[in-house]
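Chemist: Quick one, what's the 3D model for this:
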Amino acid sequence: MPAKSGAQQKLMALAMTEPSKVSKKNKGVLAMPKEVLGDFAATSTKGLPSKVKDGSNLLAKIAGGKGSAEVTKMVKRRIKR
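Modeler: Take a look at the predicted model:
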């Protein structure tokens, strides 16, 4: 799944490479599988907005504590491919 914004891509890359530097409010992303983090981190930022203000994006759900269900759905979809 590609990142929806440059900020999301940077967060996922940071979570992969230096998890200790992820802020407290974004610690939910550390529960994501490395493979999924890699998919987000590998997204080209060209043409992406710097931030997404809509609260319905995946990162907002993860930060809000609803990430495990979303990650489970995403991993199941990926496995079916």
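Chemist: Please count neighbours and contacts with C-alpha atoms only from this point.
Modeler: Fine.
Chemist: Now do N26, the pLDDT please.
Modeler: Per-residue pLDDT puts N26 at 87.
Chemist: swap in V22?
Modeler: Reported pLDDT at V22 in the predicted model: 91.
Chemist: and the nearest residue to it once chain neighbours are set aside, what is it in contact with?
Modeler: Distances taken as C-alpha to C-alpha, 6 or more residues apart in numbering put A15 closest to V22, at 6.2 Å, once the chain neighbours are dropped. Shown in contact with A15 (C-alpha atoms under 8 Å, 6 or more residues apart in numbering): K21, V22, V29, L30, L37.
Chemist: wait, doesn't the last one sit right on P19?
Modeler: No: counting by C-alpha atoms under 8 Å, P19 is not a contact partner of L37; they are 11.4 Å apart.
Chemist: between those two, who's got more neighbours?
Modeler: For the pair L37 and P19, the greater number of neighbours falls to L37 (23 against 15), based on other C-alpha atoms under 10 Å.
Chemist: Now do the contacts for that one.
Modeler: If you count contacts by C-alpha under 8 Å, 6+ apart, then L37 has M12, A13, A15, M16 around it.
Chemist: and those residues, which two are the farthest apart?
Modeler: Farthest pair in the contacts of L37 (C-alpha to C-alpha) is M12 and M16. Separation: 6.3 Å.
Chemist: Just want to know which of the two has more residues nearby.
Modeler: The neighbour count for M12 versus M16, taken as other C-alpha under 10 Å, is higher for M12 (29 against 21).
Chemist: next one: phi and psi at the more buried one?
Modeler: M12 has phi and psi values of phi -70, psi -40 when expressed as degrees, to the nearest 10.
Chemist: let's have the chain start at 276 instead
Modeler: Fine by me, first position is 276 from now on; the one you just mentioned is M287.
Chemist: my read: it touches V311, true?
Modeler: No: taking contacts as C-alpha under 8 Å, M287 lies outside contact range of V311: 9.0 Å.
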